[in-house]
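> just the structure for this:
(one chain, ligands or ions: 1)
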Amino acid sequence: MKIFIDTANVEEIREAASWGIIKGVTTNPSLIAKEGRNLKEVIGEITSLVDGPISAEVNEADIDTMISEAKELSKMNKNIVIKVPMTKDGIKVTKILHDLKIRTNVTLVFSVPQALLAFEAGASFVSPFMGRLDDMNASGAELIEKLVAVKQMYGYDTEIIAASIRNGKHIEEAALAGSDIATIPFAVLKKSFDHPLTTNGLKIFKDAAKK
Ligand code: E4P
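Sure, this is the predicted structure:
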């Protein structure tokens, strides 16, 4: 399972990129707003740090506006993927961009029928949100399992990005379900390095080495 980082914070991306395992970046309007910066400026900086798919989201609007925003963003760099909302117009936009050979990531996916529409529209990626489903006592893991099964059954080449990841359990569930990618916030990624038995084991080895 490929690991993407889910943030618009350039310093976090710079540090995570230095670990050598990050294959892509996802952003969304909330993450961009948190940085208090302009979308294009942030995306431009990210392209210089990570050589892999970088999702930049168009604002929900009418089809023509979303298409022209998508064209503008995709001109910036070959790695830009246009994040499109899972709406009727969003699916139309996904199909148009697919025909224009512009890659898309259909976001805010919470069900198999929604994902199926995105697969059929030729989305390059779909983003099912695990954490937000779990928050309402549904199962994010179950959704990923079902999407992987449908993808395999019909041979879709859309890549599944397990999104809205809140903890290591989500990473484990996404990996065991066969998700292509997990997009992980910096804090959750950083925690993934640690285990109390690793820390304790290191201490034991260090003490032994001193003797
Ligand atoms: C995915 O691409 C989104 O940016 C993100 O995973 C949403 O996560 P949240 O539910 O923690 O906002």
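
> from now on I want contacts and neighbour counts done on CA atoms only, so please keep to that.
Fine.

> interface residues of the chain facing the ligand?
6, 26-28, 131-132, 163-164 (CA under 6 Å from any ligand atom).

> and the residue of this structure nearest the ligand?
residue 164 (3.4 Å; CA to the nearest ligand atom).

> for that residue, give its distance to residue 156.
23 Å (CA to CA, to the nearest Å).

> which one's more surrounded, the two?
Taking other CA atoms under 10 Å, residue 164 and residue 156 do not tie; residue 164 has more neighbours (22 against 16).

> what sits against that one?
128-132, 183-184 (CA atoms under 8 Å, 6 or more residues apart in numbering).

> and if you look at residue 43?
54, 56.

> is it in a helix, a strand, or coil?
Here residue 43 is helix, with the state taken from DSSP: H, G, I helix; E, B strand; the rest coil.

> got it, and residue 170?
helix.

> just send the residues of the chain next to the ligand back as CSV, with secondary structure and pLDDT too.
Listed next are the residues of the chain next to the ligand as CSV, based on DSSP: H, G, I helix; E, B strand; the rest coil; pLDDT from 0 to 100:
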residue, secondary structure, pLDDT
6, strand, 98
26, strand, 98
27, coil, 97
28, coil, 94
131, helix, 98
132, helix, 98
163, strand, 98
164, coil, 98
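
> most neighbours out of those residues, which is it?
residue 163 leads the residues of the chain next to the ligand on contacts (other CA under 10 Å) with 30 neighbours.

> beta partners for that one?
residue 129 (DSSP bridges).

> ok, it touching residue 132?
No - using CA atoms under 8 Å, residue 163 makes no contact with residue 132, being 9.2 Å away.

> report the contact partners of residue 167.
Here residue 167 is in contact with residue 188 (CA under 8 Å, 6+ apart).

> residue 11: neighbour count?
12.

> element containing it?
With secondary structure defined by DSSP states H and E, residue 11 is part of helix 10-18.

> swap in residue 4?
strand 2-6.

> please identify the buried residues of that strand?
3-6 (16 or more other CA atoms under 10 Å).

> that strand: how far from the chain's middle?
Using CA atoms, centre = their mean, to the nearest Å, the mean C-alpha position of strand 2-6 is found 6 Å from that of the whole chain.
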